[in-house]
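> sequence and predicted model, in that order:
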Amino acid sequence: MDPSSKPLSSNVYEQIFSAIMEGRYAVNTKLPTESKLCEIHQVSRPILREALARLREDKLIISRRGSGSYVVKKPDDAVLQFARPSSIADIQRCFEFRTTLESEAAGLAAARRTSSQMEVIESTYEAMNLANASGMLATDEDFSFHFSIADAAHNHFYSTTLKSLEQSIKQGLNITRNLSLLHSTSRLQMVQAEHEAIVQCIRSGNESGARQAMNAHLNNARIRMFEGIPHD
């Protein structure tokens, strides 16, 4: 994507994100004041505040009333093995959009899925289990799992939208799954437990539970992008 076509807040997000990654804004230090950041990035205060809000959502900074914004986490350098800083904002916003879209799709799937669609959901879940056991990346299997749930919502707009976002979704999956493989097996087991919770709720017809399980999984996935990699 041409940077000039992005919202200004996304460009500011990327620039501050890169500065945190490079250590120019170190962990446990205060960011420059809003007026100074506006001057640095040549944007208005509302644009800057939108970028800072996204950084807070990603748990990279916190704001202290009357004091300013402080860096609380530096994303692990391993993230940059799989994505450029310029694409991080789009990947994070894709997770944000998916959370709203897929949580509702999961709830509808719990209410409307057929027995054959339940079989597909379970088979895609098992395909991830097999891939995990073999140490495979399983990006395609993960996407198929989420797509099968959208398909079971019995509203073609969910599945059509998810399919149209396949490339962007897989870009995010590629990062999170690669990072999980760099962790101990307990990380993959935790992720798969989140998938299993979604399956169980859809199987039992628990609409609210399915929505909550999908919401929790996608929010956790977004945050896991910025968790550090163990270095033993």
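Great, that's in hand.
> how about Val191: what's its closest non-neighbour residue?
Ser180 (6.0 Å; C-beta to C-beta, 6 or more residues apart in numbering). For glycine as for every other residue, the C-beta is placed from the backbone atoms N, C-alpha and C.
> mind saving the C-alpha coords of the helix or strand containing the one you found as PDB?
Using DSSP states H and E, Ser180 sits in helix 166-182. Output in PDB follows, covering the C-alpha atoms of helix 166-182 (Å, rounded to 0.1, in the frame of the first residue of the first chain):
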ATOM      1  CA  GLU A 166      -7.500 -14.100   3.100                       C
ATOM      2  CA  GLN A 167      -4.200 -12.600   2.100                       C
ATOM      3  CA  SER A 168      -4.200 -10.000   5.000                       C
ATOM      4  CA  ILE A 169      -5.500 -12.600   7.500                       C
ATOM      5  CA  LYS A 170      -2.800 -15.100   6.500                       C
ATOM      6  CA  GLN A 171      -0.100 -12.400   6.800                       C
ATOM      7  CA  GLY A 172      -1.200 -12.000  10.500                       C
ATOM      8  CA  LEU A 173      -1.400 -15.700  11.000                       C
ATOM      9  CA  ASN A 174       2.000 -16.200   9.500                       C
ATOM     10  CA  ILE A 175       3.500 -13.900  12.100                       C
ATOM     11  CA  THR A 176       1.600 -15.200  15.200                       C
ATOM     12  CA  ARG A 177       2.200 -18.900  14.200                       C
ATOM     13  CA  ASN A 178       5.900 -18.300  13.500                       C
ATOM     14  CA  LEU A 179       6.300 -16.600  16.800                       C
ATOM     15  CA  SER A 180       4.500 -19.500  18.600                       C
ATOM     16  CA  LEU A 181       6.900 -22.000  17.000                       C
ATOM     17  CA  LEU A 182       9.800 -20.000  18.600                       C
END
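> contacts for that helix?
76, 78-79, 81-83, 87, 90-91, 94-95, 98, 135, 137-140, 142-143, 146, 162, 187-188, 191, 221, 224-225, 227, 229-230 (C-beta atoms under 8 Å, 6 or more residues apart in numbering).
> how many other residues sit next to Thr100?
11 (other C-beta atoms under 10 Å).
> for the helix or strand harbouring it, packing partners?
In this assignment (DSSP H and E), Thr100 forms part of helix 85-112. Counting contacts by 3 or more C-beta pairs under 8 Å, 6 or more residues apart in numbering; DSSP states H and E, helix 85-112 packs against helix 8-21, helix 45-57, helix 139-151, helix 156-164, helix 166-182, helix 185-204, helix 207-224.
> in TSV: those, plus mean pLDDT, distance to Ser69 and mean neighbour count.
Formatted as TSV, the helices and strands packed on helix 85-112 follow (pLDDT from 0 to 100; distance: least, C-beta to C-beta, whole Å; neighbours: other C-beta atoms under 10 Å):
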stretch	mean pLDDT	distance to Ser69	mean neighbour count
helix 8-21	89	9	21
helix 45-57	93	6	17
helix 139-151	97	34	21
helix 156-164	97	34	15
helix 166-182	88	25	18
helix 185-204	94	30	17
helix 207-224	94	18	19
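> and these: which comes nearest Asn129?
Asn129 lies closest, by C-beta to C-beta, to one member of these: helix 185-204, at 6.6 Å.
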